[in-house]
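K.L.:
predicted model and sequence follow; I will ask about them next.
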Amino acid sequence: MERIPLLAGNWKMFTTVAEATELARAIAAGPLPDGRQVLLAPSAPALTAVGDVLSGTGIELASQNICWEEKGAFTGEISPLLLKEAGGTMAIIGHSERRQIFAEDNDLINKRLRGALGYDILPILCIGETLEEREENATMAVLEKQLRQGLDQVTITTGDQLIVAYEPVWAIGTGKTASAAQAQETHGFCRTLLADIFDKAIAQQIRILYGGSVNPANVDELMNQTDVDGALVGGAALKAESFLRIINFKTL
Ligand code: PGA
């Protein structure tokens with residue numbers, strides 16, 4: 001099965017609702033090439049407004065996190081029910097900002113991920129090493145732990161039920177991108193691990209996105225790598241022009 005490239009914009013906490021809807025409109029105006037999937041992840045208060053703009057455009061909507069319960073005493077959380085009500089189909093889980101600033105650990109991330117699957121929401125599991133870990137040659141060990149613990153007790157029957165995003169922490173928002181060779185090396189490693197966790201056929205189907213200072217100038221080379229199946233983009237997704245160029249990698 002072919003892995004359809006996914007170009008995902010993570011707007012973090014950068015936009016107002018008005019800015020988010022305007023940006024969504026500008027991106028939906030395209031050009032959007034065939035054979036690619038586009039995803040926008042606004043902050044939670046903008047989900048409904050952005051969902052309205054995206055309705056019928058073919059662009060997918062995601063939340064930046066997700067709770068495993070749909071209702072209840074969970075102050076500050078995002079309900080899967082509300083995400084779906086807004087038209088959302090996917091959720092970013094375990095972003096490094098959640099791990100580092102809000103102390104989310106692999107157990108909590110695993111709980112969120114299993115919850116999302118239970119609600120038919122496609123989880124995007126983010127993993128990645130810090131600079132210190134890379135310098136200590138601990139990258140692969142860190143990724144293995146994040147993948148194995150994040151996917152503990154997860155059963156999927158096809159590879160289109162899960163997306164993994166490799167985002168080296170030292171590359172996020174820093175302007176430093178992993179080289180295409182570094183990205184391929186870690187993505188290949190992750191796919192081998194996914195084959196061990198699930199099976200080879202499923203691992204071949206799972207899309208592995210790269211994230212960390214992706215921009216119009218480096219996207220083509222990253223997307224040339226065999227195991228890079230898309231990009232999770234922060235800063236460069238905040239302007240329609242640059243995100244549209246990323247969506248149209250190698251074609252525009
Ligand atoms: P960046 O963010 O593109 O601004 O580095 C990526 C991310 O955090 O997903």
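P.N.:
Arrived safely, thanks for sending. Only a predicted model underlies this, so the values are computations on that prediction, with no experimental measurement involved. Numbers count the residues shown, from 1 in each chain.
K.L.:
make it CA atoms for all contacts and neighbour counts henceforth
P.N.:
Fine.
K.L.:
which residues of this structure lie near the ligand?
P.N.:
Applying Cα under 6 Å from any ligand atom, we find that the chain lies next to the ligand at 10, 171-173, 211-214, 232-235.
K.L.:
just the buried residues of the residues you listed.
P.N.:
Neighbour counting by 16 or more other Cα atoms under 10 Å classes 10, 171-173, 211-214, 232-235 among these as buried.
K.L.:
restricted to strands, list those residues.
P.N.:
Among these, the members found in strands (DSSP state E) are 10, 211, 232-233.
K.L.:
farthest pair in those?
P.N.:
The distance between the two most remote of those (Cα to Cα) is 9.9 Å, for 10 and 211.
K.L.:
I figured residue 144 hits residue 193, correct?
P.N.:
Yes. Counting by Cα atoms under 8 Å, residue 144 touches residue 193, with 7.2 Å between them.
K.L.:
now stretch 216-225, how far from the centre of its chain.
P.N.:
Relative to the chain's own centre, stretch 216-225 is displaced by 17 Å; criterion: Cα atoms, centre = their mean, to the nearest Å.
K.L.:
just the CA atoms from that stretch would do, formatted as PDB, please.
P.N.:
This file holds the C-alpha atoms of stretch 216-225, laid out as PDB (Å, rounded to 0.1, in the frame of the first residue of the first chain):
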ATOM      1  CA  PRO A 216       9.900  25.600   1.800                       C
ATOM      2  CA  ALA A 217      13.700  25.400   1.200                       C
ATOM      3  CA  ASN A 218      14.300  22.000   2.900                       C
ATOM      4  CA  VAL A 219      11.000  20.100   2.400                       C
ATOM      5  CA  ASP A 220      11.900  18.700  -1.000                       C
ATOM      6  CA  GLU A 221      15.100  17.000   0.200                       C
ATOM      7  CA  LEU A 222      13.400  15.600   3.300                       C
ATOM      8  CA  MET A 223      10.500  14.300   1.200                       C
ATOM      9  CA  ASN A 224      13.000  12.500  -1.000                       C
ATOM     10  CA  GLN A 225      13.900  10.100   1.800                       C
END
